[in-house]
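Asker: with the sequence up front, the predicted model follows.
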Amino acid sequence: MASDVLDLFTELAALPSPPGEERAVADAVERYLRDLGLDVDEDDAGAKVGSTMGNLYCRVEPHANGGTPLFLCAHLDTVPPTGPIEPVVEDGVVRNAAGTILGADNKSAVAVMLEATRRIVAENRPHAGIELVFTPKEEVGLLGAAAFDHARLHARVGYVYDQAAPIGDVILGAPYSHSMEVRFHGRAAHSGMYPEDGRSAIAAAARAIADLRLGRIDEETTANVGTIHGGTAGNIVPEWCTFLAEARSHDERKLADVVQEMLDAISFAAGLEDCEVETEVHKSYRGYRFKRDDDVVRIAHAALERSGFTPSYGLSGGAADANVFNEHGLRCLNLANGMQDIHTPDERIAVDDLEHMVGVTLAIVDVAREHAA
């Protein structure tokens, strides 16, 4: 069962790298690339986003004339593990024996991209130019990718492997998203002696949340309230209450309408409970949508078929670093790589899928070399 990409993946997975604490993995990636004779540099994104690493960038100079240069991106952080990570292989599948996440999201992609690069260099494989970008703090808002200087990329076409689905799934689009912080201000009072003098911020927040349309609003749009905090003691009418919400949609106009509907409901609830309310709405990331005849899709389609997979197409309800690259005018496609049950103790990936994705990556490089830019 031993293989180069498997050994590399388990080595990387065993290094804890919650958002902001990716240094050990970044050092391992940098050493690997330098051992291949490649130059790696690290930007100052770490200081900007609160991480122990900046974005790592490596360019493999073209080894052929013509074709379409590529960039490949993966993030080095994972959701925080709740214990040690001990990768084991059971029945051809990599799992964590220690009862927390494995980190296949996204270290399986990191290992695949590194192993494919090693083979390209070792074989002097012809290619139109390859750039590698490894980012921090993707899991908490795509922060590393957002802090990267996208103008330094020679390539305009790129790929991330950040979709937990069977190999062959091609993500044509991801949603737009806005986050919202809502803070209700009421009036404190003793709840047993003078409740009439109080104005309950929690009651106002509860009324607002009850009036919001949450969950799946339509096939393109969702909304959620994720956290709520308020009050100071059980015998005090709560003076304040804060909740965090978000809305997502593949249609930017729908998103604007849903956000305004949420703001209206929040304001109405505050008025009914005689409370004041402050709201802050932030754009989390922009969505994107590709067509099947776009070059980035056609290259992936041909590479998947060449690797023995039948491409299928869909949309994602989540975001990835691809959202950021596309917002900056690049064409970055998210490809599924076989991860399963990410962010859970059941997270796993088949050894065969690691090997297959190395093959898919090499096929993407080959097809891009044959494809006029």
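Answerer: Thanks, I have it. From a predicted model like this one, the values you see are computed outputs, not experimental measurements.
Asker: any figure for the gap between the residue lying closest to H343 once chain neighbours are set aside and E355?
Answerer: The spatially closest residue to H343, leaving aside those adjacent along the chain, is V79, at 5.0 Å (Cβ to Cβ, 6 or more residues apart in numbering). In short, each C-beta sits where N, CA and C put it, glycine included. In this view, V79 and E355 are 25 Å apart by Cβ to Cβ, to the nearest Å.
Asker: D169 now?
Answerer: As defined by Cβ to Cβ, D169 lies at a distance of 18 Å from E355.
Asker: between those two, who's got more neighbours?
Answerer: D169 (20 against 16; other Cβ atoms under 10 Å).
Asker: residues contacting the nearest residue to that one once chain neighbours are set aside?
Answerer: Residue nearest to D169 in three dimensions, not counting chain neighbours: A336, with 3.6 Å by Cβ to Cβ, 6+ apart. Under the criterion of Cβ atoms under 8 Å, 6 or more residues apart in numbering, the neighbours of A336 are Y161, Q163, A164, A165, P166, I167, G168, D169, V170, I171.
Asker: so of the residues you listed, which ones are in strands?
Answerer: Y161, Q163, D169, V170, I171 (DSSP state E).
Asker: follow-up on the earlier one: got the contacts of A336 as a markdown table, with distance to E305 columns?
Answerer: Written out in a markdown table, the entries for these read as follows (distance: Cβ to Cβ, whole Å):
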| residue | distance to E305 |
| --- | --- |
| Y161 | 17 |
| Q163 | 18 |
| A164 | 22 |
| A165 | 17 |
| P166 | 15 |
| I167 | 12 |
| G168 | 9 |
| D169 | 14 |
| V170 | 11 |
| I171 | 17 |
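Asker: would you map the strands across the stretch 51-200 of the chain?
Answerer: Under the criterion DSSP state E, counting those that start in this stretch, strands of the stretch 51-200 of the chain are mapped to 56-60, 70-75, 87-90, 93-96, 130-135, 157-163, 169-174, 176-185, 189-190.
Asker: identify whichever of those lies nearest to A373.
Answerer: For those, the distance to A373 is smallest for strand 157-163, at 8.3 Å, taking Cβ to Cβ.
Asker: what residues does that closest one touch?
Answerer: Residues from elsewhere that reach strand 157-163 (Cβ under 8 Å, 6+ apart): 68-75, 105-106, 108-109, 112-113, 131, 169, 171, 295-296, 299-300, 316, 320-322, 325, 330-337, 339, 357, 364, 368.
Asker: what about A201, how many residues nearby?
Answerer: Other residues within reach of A201, judged by other Cβ under 10 Å, total 27.
Asker: actually A363, not the one I wrote
Answerer: By other Cβ under 10 Å, the residues close to A363 number 21.
Asker: just give me the neighbour total for the closest residue to it other than its chain neighbours.
Answerer: In space, and not counting its chain neighbours, A363 is closest to A303: 3.7 Å by Cβ to Cβ, 6+ apart. Per other Cβ under 10 Å, the neighbour tally for A303 reads 23.
Asker: so A303 belongs to a helix, correct?
Answerer: Yes - note on A303: a helix contains this position according to DSSP: H, G, I helix; E, B strand; the rest coil.
Asker: my read: it touches D366, true?
Answerer: Yes - A contact is recorded between A303 and D366 when judged using Cβ atoms under 8 Å, the distance being 7.4 Å.
Asker: looking at the strands of the stretch 51-200 of the chain, which is buried most?
Answerer: Mean neighbour count, computed with mean count of other Cβ atoms under 10 Å, is highest for strand 70-75 among the strands of the stretch 51-200 of the chain, reaching a mean of 28.
Asker: who touches that strand?
Answerer: If you take Cβ under 8 Å, 6+ apart as the criterion, strand 70-75 is touched by 106-107, 109-110, 113, 127-139, 144-145, 153, 155, 157-162, 321-322, 325, 330, 332, 361, 364-365, 368.
Asker: what is the neighbour count of E305?
Answerer: By the criterion of other Cβ under 10 Å, E305 has 14 neighbours.
Asker: please report how far the closest residue to G37 other than its chain neighbours lies from A64.
Answerer: With Cβ to Cβ, 6+ apart as the measure, V121 is the residue that lies nearest to G37, at 7.0 Å, once sequence neighbours are left out. When distance is defined by Cβ to Cβ, V121 is 14 Å away from A64.
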